[in-house]
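Enquirer: Sequence and predicted structure are below.
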Amino acid sequence: MDKILRIDVGAEGAPRATVVPVGEYAGLGGRALTSAIVSKEVPPLCHPLGAENKLVIAPGLLSGTASAMSGRISVGGKSPLTGGIKEANSGGQPSQVLARLGYSAIVLEGKPNSSDLYKIFINKDGVKISVDNSLKMLPNYDLIAKMKAEYGDKVSCISIGPVGEMKMASATVAFTDMEQRPTRHAGRGGLGAVMGSKNIKVIVLDDTGMPMRPPKDPEKFKDANKRFVDGLKNHPVTGQGLPAYGTNVLTNILNEVGGYPTYNFKQGRFDGASKISGETQAETEKTRGANPTHGCHRGCVIQCSGTYNDKDGHFLTKQPEYETVWAHGGNCGISDLDKIAMMDFLDDTYGIDTIEMGATIAVAMEAGLAKFGDADAAIQMIHEVGKGTHLGRILGSGAAVTGKAFGIERVPVVKGQAMPAYDPRAVQGIGVTYATSPMGADHTAGYAVTANVLKVGGDVNALKPEGQIELSRNLQIATAAIDSTGMCLFIAFAVLDQPDTFQALLDMLNAFYGLNLTGDGVTELGKKVLSMERDFNARAGFTPQHDRLPDYFKTERFAPHNVTFGVKDEDLDKVFNW
């Protein structure tokens, strides 16, 4: 990965591709690379949908290698949703394929000179950019079927649905899985709208004839990879819970501890939780001939993605993730797995962030557009977004805009981005992450649920403010580094609990690149990434006042614990004091 593919969509005549050396960005991958390019090259005050913004797509440092779990990819730009810097992360096949083709990143830049829509094809022979207006407003599933018919069943695709074309702030960038289904999404922050603003509908990747990326020291790399895999398989979360039930294993857990936000963050337990739990979901999948244990990319050993069939045994969608089941389920008072799975499919094919969409529907329900629990009304709202109706344009702009449009105070967002499936009053460490992450409310930015709820990597009382600043700080640093390697964030469960597994990860990086990286080096990388991101946001106009939760989380007591968010503002301002 020694080159960057830059595509100027505003070049005279037609978009122009230029391959340049990685240069000053050498040694960076994934989130570190997307944030470095955005921070250096994108004016912080630019319009997210204008010529000056850039969309950066970057595989991780270990992507394209034989390393297990290395298939994550980062998408970066200035967010249309938050107005700040954004990195959205996804699984799927494209990260491995793009890395084997030798690219550290694809950078889409400039502003189109016409309304033509383009597709990009990349293989070992180069890059071809073509006008294809027949793709306009195609949903992702139909689009990918068309790409398979044209390019064959060995390619991987990066695409946007109609919501990205319409440049709505909840739009995703979709990545195909091993079966060439557009089921994996860089969902958060509306970066699909940035891709839409560049008039790029799909990027097709074909790595035929390209070998695995070779390590500097093959034997040490092979040994480290084996130890790493052994650690993952021997941890109860990555070796048992996630493979058996997927991420939705968390529904019963969070509901039991009273941290499961229900009815637009009104209470911490949902009476219908058992009907939509990971255990119920896995059993439903097996009964219908689907599989709860499935990887979203080759080389995955955790296998948490799963597949979900309808009542007739036909594939409907990938196994809905915990966040999706919560967003469209408990948060909206819906306990019908089939309806939730249909919403997941619609989000994927239209290209909408499931977290933002579910949070928005709950706000709309609070506004009286539908009753909590009305699954058919929720499905219709998603169709409104996919069609781009007047109501759909409001809903597709996210929870914050929807709350303003309908005069709702209780809108669970930070920096304009909706909160995921953990209430910050009952899981206070995640509240610190929501408040202070440069990304806006984002559980993956510093997953304090580990120590607050799961007791992985320590034990910090979830209901009290003590210890939450340090917990979130350390996890935000570690996450920024992991996101740069191309590794799935779920490795963190084993890495936090097993020093030998963390050492195996270091040994893999060192054997591949010929480095002498230590744990301190990983920490420094994470700090460097966060510093770049916070610097961009400061130049974009963000102040410490943006690192806050909505006031009602501090005043409205949360059942069943009768607690409010207790971390003081002055302490939130200390998260990045290192």
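Expert: Great, that's in hand.

Enquirer: make it CA atoms for all contacts and neighbour counts henceforth
Expert: OK.

Enquirer: Show me this structure divided up by domain.
Expert: According to automatic domain parsing, the chain comprises the domains 3-205, 217-245+424-578, 259-422.

Enquirer: out of these, nearest to residue 251?
Expert: domain 259-422 (5.3 Å; CA to CA).

Enquirer: Report all helices and strands that the lengthiest helix in the chain contacts.
Expert: In the chain, with assignment by DSSP state H, the single longest helix is helix 519-539. If you count contacts as 3 or more CA pairs under 8 Å, 6 or more residues apart in numbering; DSSP states H and E, helix 519-539 packs onto helix 30-41, strand 85-90, helix 468-485.

Enquirer: one step back: mean neighbour count and mean pLDDT for the domains of the chain - can I get that in TSV?
Expert: Output for the domains of the chain, formatted as TSV (neighbours: other CA atoms under 10 Å; pLDDT from 0 to 100):
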stretch	mean neighbour count	mean pLDDT
domain 3-205	23	97
domain 217-245+424-578	20	96
domain 259-422	23	97
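
Enquirer: coming back round to it: could I get the helix or strand following the longest helix of the chain in PDB with only the CA atoms?
Expert: The helix or strand immediately downstream of helix 519-539 is helix 552-555, counting by DSSP states H and E. What follows is helix 552-555 as a C-alpha-only set of coordinates in PDB (Å, rounded to 0.1, in the frame of the first residue of the first chain):
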ATOM      1  CA  TYR A 552     -32.300  16.700  30.200                       C
ATOM      2  CA  PHE A 553     -29.900  13.900  30.800                       C
ATOM      3  CA  LYS A 554     -28.700  15.900  33.800                       C
ATOM      4  CA  THR A 555     -32.200  16.700  35.200                       C
END
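
Enquirer: which residues touch helix 552-555?
Expert: For helix 552-555, the external contacting residues (CA atoms under 8 Å, 6 or more residues apart in numbering) are 410, 424-425, 564-566.

Enquirer: re the thing from before, may I see the domains of the chain arranged in TSV, with distance to residue 251 as well?
Expert: Formatted as TSV, the domains of the chain follow (distance: least, CA to CA, whole Å):
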stretch	distance to residue 251
domain 3-205	21
domain 217-245+424-578	10
domain 259-422	5
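
Enquirer: all helices of the stretch 251-400 of the chain, in order?
Expert: Ranges of helices in the stretch 251-400 of the chain, per DSSP state H, counting those that start in this stretch, are 278-287, 322-328, 337-350, 354-366, 375-387, 390-395, 399-405.

Enquirer: Please name whichever of these is nearest to residue 466.
Expert: With CA to CA as the measure, helix 322-328 is the member of the helices of the stretch 251-400 of the chain nearest residue 466 (26.6 Å).

Enquirer: list the helices and strands that closest one packs on?
Expert: When contacts are defined as 3+ CA pairs under 8 Å, 6+ apart, helix 322-328 sits against helix 250-256, helix 337-350, helix 354-366.

Enquirer: Please dump the helices and strands packed on helix 519-539 into JSON lines; it should also carry distance to residue 396 for every row.
Expert: What follows is the helices and strands packed on helix 519-539, written out as JSON lines (distance: least, CA to CA, whole Å):
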{"stretch": "helix 30-41", "distance to residue 396": "25"}
{"stretch": "strand 85-90", "distance to residue 396": "18"}
{"stretch": "helix 468-485", "distance to residue 396": "27"}
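
Enquirer: who wins for proximity to residue 287 among these?
Expert: Nearest to residue 287, of the helices and strands packed on helix 519-539 and by CA to CA, is strand 85-90 at 28.7 Å.

Enquirer: can you tell me the helix or strand for residue 106?
Expert: Residue 106 belongs to strand 103-109 when assigned by DSSP H and E.

Enquirer: Tell me the first helix or strand C-terminal of that strand.
Expert: By DSSP H and E, the next helix or strand past strand 103-109 is strand 118-123.

Enquirer: And the next helix or strand past that next one?
Expert: Going down the chain from strand 118-123, the next helix or strand is strand 126-131, by DSSP H and E.

Enquirer: tell me what that next one is packed against?
Expert: Against strand 126-131 (3+ CA pairs under 8 Å, 6+ apart) you get strand 118-123.

Enquirer: picking that back up, for the domains of the chain, which one sits closest to residue 252?
Expert: domain 259-422 (6.0 Å).

Enquirer: Any idea how far apart the tips of that closest one sit?
Expert: One end of domain 259-422 to the other measures 6 Å (CA to CA, to the nearest Å).

Enquirer: from the middle of its chain, how far away would that domain be?
Expert: 15 Å (CA atoms, centre = their mean, to the nearest Å).

Enquirer: Check stretch 156-172 too.
Expert: How far stretch 156-172 lies from its chain's middle: 14 Å, per CA atoms, centre = their mean.

Enquirer: same thing with stretch 568-578?
Expert: Put simply, stretch 568-578 sits 25 Å off its chain's centre (CA atoms, centre = their mean).

Enquirer: Only alpha carbons, please: show it as PDB.
Expert: The C-alpha atoms that make up stretch 568-578 are tabulated as PDB, following Å, rounded to 0.1, in the frame of the first residue of the first chain:
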ATOM      1  CA  LYS A 568     -19.400  17.400  35.900                       C
ATOM      2  CA  ASP A 569     -18.700  19.700  32.900                       C
ATOM      3  CA  GLU A 570     -15.300  20.700  34.300                       C
ATOM      4  CA  ASP A 571     -14.400  17.000  34.400                       C
ATOM      5  CA  LEU A 572     -15.500  16.500  30.800                       C
ATOM      6  CA  ASP A 573     -13.100  19.200  29.800                       C
ATOM      7  CA  LYS A 574     -10.200  17.100  31.200                       C
ATOM      8  CA  VAL A 575     -10.700  14.000  29.000                       C
ATOM      9  CA  PHE A 576      -8.000  15.000  26.600                       C
ATOM     10  CA  ASN A 577      -5.600  16.400  29.200                       C
ATOM     11  CA  TRP A 578      -2.700  13.900  28.700                       C
END
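
Enquirer: what's that stretch in contact with?
Expert: 432, 435-436, 469-470, 472-473, 544, 547-548.

Enquirer: residues contacting residue 303?
Expert: Residue 303 touches 242-243, 246, 293-296, counting by CA under 8 Å, 6+ apart.

Enquirer: and of the contacts of helix 552-555, the nearest to residue 279?
Expert: Nearest to residue 279 among those is residue 424, at 25.1 Å by CA to CA.

Enquirer: which element is residue 577 on?
Expert: Using DSSP H and E, residue 577 falls within no helix or strand.

Enquirer: can you start the count at 15 instead of 1 from here on
Expert: With 15 as the first residue, the last one maps to residue 591.

Enquirer: For it, give me phi and psi.
Expert: Backbone torsions for residue 591, taken as degrees, to the nearest 10, come to phi -90, psi 100.

Enquirer: before we move on, what about residue 278?
Expert: Here is the backbone geometry of residue 278 (degrees, to the nearest 10): phi 60, psi 50.

Enquirer: ok, now residue 459?
Expert: phi -70, psi -20.

Enquirer: thinking again about what came up before, ok, so of the contacts of helix 566-569, who is nearest residue 31?
Expert: Ranked by distance to residue 31 (CA to CA), these are led by residue 438 at 44.9 Å.

Enquirer: How about the contacts made by the closest one?
Expert: Taking CA under 8 Å, 6+ apart, we find residue 438 in contact with 444-446, 448, 567, 579.

Enquirer: quick revisit: nearest approach to residue 225 belongs to which of the domains of the chain?
Expert: Here domain 17-219 is closest among the domains of the chain (CA to CA), at 6.7 Å.

Enquirer: now the closest one, how far from the chain's geometric center?
Expert: Between the centre of domain 17-219 and the centre of its chain there are 14 Å (CA atoms, centre = their mean).

Enquirer: And stretch 225-243, by the same measure?
Expert: Going by CA atoms, centre = their mean, where stretch 225-243 is centred and where its chain is centred differ by 27 Å.

Enquirer: on that earlier part again, which of the contacts of residue 317 sits closest to residue 212?
Expert: For the contacts of residue 317, the nearest to residue 212 is residue 310 (27.4 Å; CA to CA).

Enquirer: so what's the closest one up against?
Expert: 105-107, 191-192, 198, 317-319 are the contacts of residue 310 under CA under 8 Å, 6+ apart.
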